[in-house]
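Engineer: okay, structure incoming, though there's no sequence with it:
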């Protein structure tokens, strides 16, 4: 099995959207393009329970075929890690189980296989997870309430890049913020695989007032067409992700 | 597809689990531990005590079973717990969950053991662990999530055992699971690619954390080399710890040799010191006698004085 490319959006936010399109609808549209939308909701240290608006976090991820977590800022690093990895595994598993159904017939699910065979399937999933090319677009909510969490977000992204670099497969990441002055989203870092560039980007973050999550998601998804081409993955790309990617948004 | 699955499967005491494929029945005794990837229960099958790991996420079970099977191939000293059974069970007449069963290691975590038995135990434990790590590495695997809680000292044999294979990673790949404080990436001392040095770094931090002066679970400290200087109880091991932190040991065997050398040097120094110590003990000892005698004398003198008066 050839490794393809996995595309993900990672949205880091601390509240509900209050302007523009419905982010849940947008998220569903994005997932139909074969891009998973993962969402991390960041709680304030003094928040003892999940604020009402934050449940949107789970809904966006669910609609986007992604993973969501609601966490305190101090475990952000681990969470970014886990969410990305789980979402990636989920995508690969989805792909593998589709293949399995083609081989064994409609009713076959991974769970229906005897444990021995499941171990073999797991090995394939892991091999793919390690070698597949990964494109992660990080979209950071920089509205006023996120301001004091930015240091944590920066550390988490730094740490995340470290994990990306340990993989055998290629990776590209880009960073966007929303809202920005006079625009909904702003590109902070274009697609790159250079881990050292995160540090230079973050001082630029400035917070704004509104939270147009849906509109921001809708805008950033276009940039997946700008990922710099690597010969290897141009040729054999879209193995895992459906081929509708590439059609204009 | 579920978006945020929680791995915990709750089982109650005396609950019975019957394997769908292998038909063995397990009776739950108690919860041993709960993690991000599943729960471990103490269970019995017949008269035998076993550890049973169950998770909502069947891929967790499949992945760990693969690792345990690979480790089983090593002859001699066991690396990690022995795998006994892999199966699915229907829980509460509804959901089907994957689980696996392994040998139950009745042990004490490294931290608790050192606290009650003393730091000198670090020497034999390190030798045992580094031998196991060496074998694991030679097999092409890196332990990954090495931390004091994953090192158990078997109550019966008093030997160190590695448990929780969730982090075990094929050499050259990205570490599957790690704990912040024992991860060299967190301390900016290297990457997260699986290689022997990754485990040896983590073991050096394990040793450090045994010193009561050290609190590694403190956010904000960034310099592990500086932190080592505060571990005054581990002074003889500092050179070994530095070397491991800097990734200068290419194999677990080299680190083990150095630790054993420190140990024998320590023993020699103690031997040389011990006769002196006995002397030191003797020298002050006559003094109380002198004091005793003189005080008795003085009392007598006082009494004598009174009599004369």
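Structural biologist: All right, it came through fine. What you are looking at is a predicted structure, and each value in this text was computed from that prediction instead of being measured.
Engineer: residue B:151 is in contact with residue B:110, isn't it?
Structural biologist: Yes - Residue B:151 lies in contact with residue B:110 (Cβ atoms under 8 Å); the separation is 4.1 Å. Just so you know, the C-beta spots here come from the backbone N, C-alpha and C atoms, and that holds for glycine as well.
Engineer: got any residues that touch both of these two?
Structural biologist: Taking Cβ atoms under 8 Å, 6 or more residues apart in numbering or on different chains as the criterion, residue B:151 and residue B:110 both touch B:125, B:160, B:206.
Engineer: using JSON lines, lay out these together with pLDDT.
Structural biologist: What follows is the shared contacts of residue B:151 and residue B:110, written out as JSON lines (pLDDT from 0 to 100):
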{"residue": "B:125", "pLDDT": "98"}
{"residue": "B:160", "pLDDT": "96"}
{"residue": "B:206", "pLDDT": "98"}
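Engineer: what is the burial count for residue A:111?
Structural biologist: Residue A:111 has 12 neighbours, counted by other Cβ atoms under 10 Å in any protein chain shown.
Engineer: might you report the residue contacts of it?
Structural biologist: Contacts of residue A:111 by Cβ under 8 Å, 6+ apart are A:118, B:58, B:88, B:96, B:98.
Engineer: which residues of the stretch 201-309 of chain B lie near chain A?
Structural biologist: Proximity of the stretch 201-309 of chain B to chain A, by Cβ under 8 Å from any Cβ of the partner chain, involves residues residue B:219.
Engineer: could you pull out the helices in the stretch 201-309 of chain B for me?
Structural biologist: B:224-229, B:238-245, B:252-282, B:286-308 (DSSP state H, counting those that start in this stretch).
Engineer: compare the mean pLDDT across the ones you listed and name the weakest.
Structural biologist: The minimum mean pLDDT among the helices of the stretch 201-309 of chain B belongs to helix B:286-308 (a mean of 48).
Engineer: quick one: average confidence on stretch B:136-147?
Structural biologist: pLDDT averaged over stretch B:136-147 gives 96.
Engineer: may I see the buried residues of it?
Structural biologist: B:136-137, B:141-147 (16 or more other Cβ atoms under 10 Å in any protein chain shown).
Engineer: ok, now which ones touch whatever residue of the stretch 1-150 of chain B ends up closest to chain A?
Structural biologist: As assessed by Cβ to the nearest Cβ, chain A sits closest to residue B:62 within the stretch 1-150 of chain B, at 3.7 Å. By Cβ under 8 Å, 6+ apart, residue B:62 lies in contact with A:115, A:118-119, A:121-122, B:98.
Engineer: can we see that at 6 Å?
Structural biologist: A:118-119, A:122 (Cβ atoms under 6 Å, 6 or more residues apart in numbering or on different chains).
Engineer: now do it against residue B:45, distance only.
Structural biologist: 21 Å (Cβ to Cβ, to the nearest Å).
Engineer: redo the buried residues of stretch B:136-147 as CSV? Include secondary structure and distance to residue A:195.
Structural biologist: Output for the buried residues of stretch B:136-147, formatted as CSV (DSSP: H, G, I helix; E, B strand; the rest coil; distance: Cβ to Cβ, whole Å):
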residue, secondary structure, distance to residue A:195
B:136, helix, 29
B:137, helix, 26
B:141, strand, 26
B:142, strand, 21
B:143, coil, 25
B:144, coil, 21
B:145, coil, 23
B:146, coil, 24
B:147, coil, 25
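Engineer: what residues does the stretch 51-200 of chain B have near chain A?
Structural biologist: B:58-59, B:62-63, B:65-66, B:86, B:173-174, B:185, B:191-193 (Cβ under 6 Å from any Cβ of the partner chain).
Engineer: ok, these vs residue B:211, which is closest?
Structural biologist: Each of those was scored against residue B:211 by Cβ to Cβ, and residue B:185 proved nearest at 22.9 Å.
Engineer: just say helix, strand or coil for that closest one.
Structural biologist: Under the three-state scheme (DSSP: H, G, I helix; E, B strand; the rest coil), residue B:185 adopts coil.
Engineer: burial check on the closest residue to residue A:85 other than its chain neighbours, number of neighbours?
Structural biologist: Once flanking residues are discounted, residue A:85 sits nearest to residue A:129: 7.5 Å by Cβ to Cβ, 6 or more residues apart in numbering or on different chains. The number of residues packed near residue A:129 is 23, by other Cβ under 10 Å.
Engineer: just name the shakiest helix or strand of the chain by mean pLDDT.
Structural biologist: Reading this off chain A. helix A:231-235 (a mean of 43; mean pLDDT, DSSP states H and E).
Engineer: going by residue numbers, what spans are strands in chain A?
Structural biologist: A:5-13, A:35-43, A:68-72, A:133-141, A:171-178, A:186-192 (DSSP state E).
Engineer: now the second one and strand A:68-72, what's the angle there?
Structural biologist: So the one you mean is strand A:35-43. Counting by axes from the mean of the first three to the mean of the last three Cα atoms, to 10 degrees, strand A:35-43 lies at 20 degrees to strand A:68-72.
Engineer: could you list the residues in contact with strand A:35-43?
Structural biologist: With contacts defined as Cβ under 6 Å, 6+ apart, strand A:35-43 is touched by A:7-12, A:14, A:27, A:30, A:54, A:57, A:60-61, A:64-70, A:72-73, A:79, A:83, A:87, A:91, A:149.
Engineer: ok, and which of those reach chain B?
Structural biologist: A:61, A:67-68.
Engineer: need these in JSON lines with neighbour count and pLDDT, can you?
Structural biologist: Putting those into JSON lines (neighbours: other Cβ atoms under 10 Å in any protein chain shown; pLDDT from 0 to 100) gives the following:
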{"residue": "A:61", "neighbour count": "27", "pLDDT": "95"}
{"residue": "A:67", "neighbour count": "30", "pLDDT": "92"}
{"residue": "A:68", "neighbour count": "24", "pLDDT": "92"}
